[in-house]
Every structure is written in structure tokens, then in C-alpha cells.
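Colleague: Provided below are the primary sequence and the corresponding predicted coordinates.
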Amino acid sequence: MKLLIYPALDKKVVEKITSVSDQVEILNINSEEEALQEIESIDAVYGTINPALLERAKKLNWIQAPSIGLEKYMFPALIESDIEITNMAGIFSDVIADHTLTYILMFARGFHLYVRKQLARNWEPGVPVIHLADQTLGIIGLGGIGMEIASRAAACGMRVIATDAKQREKPDFVNALWENDKLNDLLEESDFVVSCVPHSPETVKLIGEEQLQRMKKSAYFINISRGMVVDLAALTHALETKTIAGAGLDVFETEPLPSDHPLWEMENVIITPHIAGASAYIQQRRVATLIENLRRYISGKPLQNVVDRKKWF
């Protein structure tokens, strides 16, 4: 079989992938022009695929995407094809869960305000604290990331409730697991709400004015999934009007967040620049996922992380 890697990876990484099997010929290519010349004979692709490449592909039947979210990856011809697509689900779960717990702990202990006091050299205690064991965490999307967040929250004594489109088996550390039609119930019961759903046709602006109005005035909203899941204008208005208490945001409908956006000035908002998945181990895990699926492909075993092309995840 022939595997096209485009854009090219480091030679040492390619050597590691090559060592999987002598049945695999790897083409490590950096230019689209060269990729277009080779694509007709390619069985599998790791990396980029676009309409021009897909149109020329004659043998292609597996694409390993290098990311989890595929909203910028999919296009009509690819969606309608019968090519099996796999993503990188699972490689970010623990680090994004750590990032989420950091938001929760910062709000609970008042660090979002104490950091500002520090910058002003203001020694003034008294910011109210939140006892986590009294709180309910609502997780929208109990996939790999949601599961890791749930386990950390449960370890802090929080009550955990969740909605999910696929997950039906409730783990012991989750108090209640509902289908997506119970989203409003989750919003009304939760003290912290975290969005873990992917960007798909069904989740664009899943959280808007109506949903934010259902949250407690004392509740915090956290988004570590995708910016398009949340209506940025509605969230900004909810924070300005104190419809909700605050927000921890790593992703935004518009990125980078414009420098003149009012969210930057809000003391009840913690902003990070789409780095919740940052880790020294991500590239290592990405390569390991590719290698595992390559082994499976060669041996005819089912691939991991197969994507529903119409849902993008």
C-alpha cells in the first residue's frame, strides 16, 4: 500500500512510521503540486486533503486527519464519498480536562480577581469563595474530554451531570447522563457548565441567548470545545447584564478575539488563546494514533476514531 503524508513530517518521525511494516511505501511530500502528481496511486493519506487532490484520487480509501475537529477539513465531495476518515480523538482529553479544572478552581477561589489585585498591588482579601463539593457541574458532550473532566470534578466532590448524543453507559463518577433533549435541564441545574461538543452542523450556536437565560445567575460557563458552538454576542450580553456570573473561554466564534472586544475588560471572564490542548506530548500521541491505525489498516482490522462524515466527528 502507499501512504501519502502531506505536508511532510520530520524524517525521524517518518522512519518510525516506516518501521511499522515493509508492506507500506511512504511518500513524504511538502508541495501540493507533487501531491497532485502522486495521489492517483495512493491508498491512504495522513494530513491534508482538498477538492483538487480528492478529484484525482483513484484508489484512496482511508484518510487519517491530524486533528479532532474537522469543521475546516470537510467539504461536500469528501462528505459524499465512501472514504473512511479517522480523527485524533483522545489525544487531548487529559490536558483539556486539566485546563477546564483550572478555570473552575480559579473561579471557585477568586483567582480571576486576585490576579487583577496583584497587578494593582492591592492587598485586599475578601473575595467570596465557592465550596466545590456543594456545586453541580454540567457537561455538554460526554466524550473523551467530557469523561476526563467529569472524573476530575467528581474527585473534587462535585455533582456531575451530562448530556451526550452517543454515550449511553453512565460511569460511576457521573450522577446523571441524559440525551441531548435534556440540555435545558442541565443548564438550569448546573453551577458550572462546560461545552465539550464538537463543531458540527447540529452544534452551530447551540448555546445562545435562550440557553444562557436558563442558567443560574451564580453560574459560570466554560467553553473548551469550539467557538462556533456559542453565540459570542449572546454570551457577551449575558456577561454584561450579569445573566450569568462569569465565563472561562479558550475558543471563540471569531479568532483571534478582536483587541477591542469587551470581553477583554471583564473581570468575571478568563480568556486563554485556544491553547487548552497544549502539551509536550501531543505530537507523540498524534504519531502513535497514526501508527496504530496503520497497523490496523494493513491487517484488515477496524480503524479507531472513525468519523461520521455528515456529522464531522
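Modeller: Nice, thanks for sending it over.
Colleague: From His199, how far off is the nearest residue to Leu232 once chain neighbours are set aside?
Modeller: Of all residues not flanking Leu232 in the chain, Glu253 sits nearest, at 4.0 Å (CB to CB, 6 or more residues apart in numbering). Heads up, the C-betas are built off the backbone N, CA and C, glycines and all. Applying CB to CB, to the nearest Å, the value for Glu253 to His199 is 10 Å.
Colleague: More neighbours: the two, which one.
Modeller: His199 (20 against 17; other CB atoms under 10 Å).
Colleague: Surely Val20 forms part of a strand?
Modeller: No - under DSSP: H, G, I helix; E, B strand; the rest coil, Val20 sits outside any strand and is assigned coil.
Colleague: Just give the number of residues close to it.
Modeller: For Val20, the number of neighbouring residues by other CB under 10 Å comes to 17.
Colleague: Show me whatever sits in contact with both of Glu253 and His199.
Modeller: The contact sets of Glu253 and His199 overlap at 227-228 (CB atoms under 8 Å, 6 or more residues apart in numbering).
Colleague: who are the neighbours in contact with the most centrally placed residue in the chain?
Modeller: For the chain, the residue sitting closest to the mean C-alpha position, by CA atoms, centre = their mean, is Ser225 at 4.1 Å. By CB under 8 Å, 6+ apart, the contact set of Ser225 is 141, 145, 195-199, 251.
Colleague: hmm, back to that, SS state for the residue nearest to Leu232?
Modeller: Going by three-state DSSP: Glu253 is coil.
Colleague: contacting residues for it?
Modeller: Counted by CB under 8 Å, 6+ apart, Glu253 has contacts 227-228, 230-232.
Colleague: Considering the residues you listed, which possesses the most neighbours?
Modeller: Highest neighbour count within the contacts of Glu253, by other CB under 10 Å: Val230, with 26 neighbours.
Colleague: Report pLDDT for that residue.
Modeller: At Val230, the predicted lDDT confidence score is 98.
Colleague: Same question for Lys166.
Modeller: 86.
Colleague: And the one 10 residues further on, by the same measure?
Modeller: Ala176 carries a pLDDT value of 98.
Colleague: give me the number of residues near it?
Modeller: Ala176 has 16 nearby residues by other CB under 10 Å.
Colleague: List the beta-bridge partners for it.
Modeller: Ile161 (DSSP bridges).
Colleague: can you give me the strands in the stretch 201-313 of the chain?
Modeller: 220-223, 246-249, 269-271 (DSSP state E, counting those that start in this stretch).
Colleague: Export those strands as a markdown table, with columns for distance to Phe111, mean pLDDT and mean neighbour count.
Modeller: Compiled in a markdown table, the strands of the stretch 201-313 of the chain are given as follows (distance: least, CB to CB, whole Å; pLDDT from 0 to 100; neighbours: other CB atoms under 10 Å):
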| stretch | distance to Phe111 | mean pLDDT | mean neighbour count |
| --- | --- | --- | --- |
| strand 220-223 | 13 | 99 | 27 |
| strand 246-249 | 11 | 98 | 24 |
| strand 269-271 | 9 | 98 | 18 |
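Colleague: any chance of those strands in CSV, plus distance to Phe173?
Modeller: Shown next, in CSV, are the strands of the stretch 201-313 of the chain (distance: least, CB to CB, whole Å):
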stretch, distance to Phe173
strand 220-223, 18
strand 246-249, 21
strand 269-271, 25
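Colleague: what about the helices in this structure?
Modeller: Taking DSSP state H, the helices of the chain run over residues 11-18, 32-38, 51-56, 76-80, 93-109, 111-119, 144-155, 183-189, 209-214, 232-240, 282-299.
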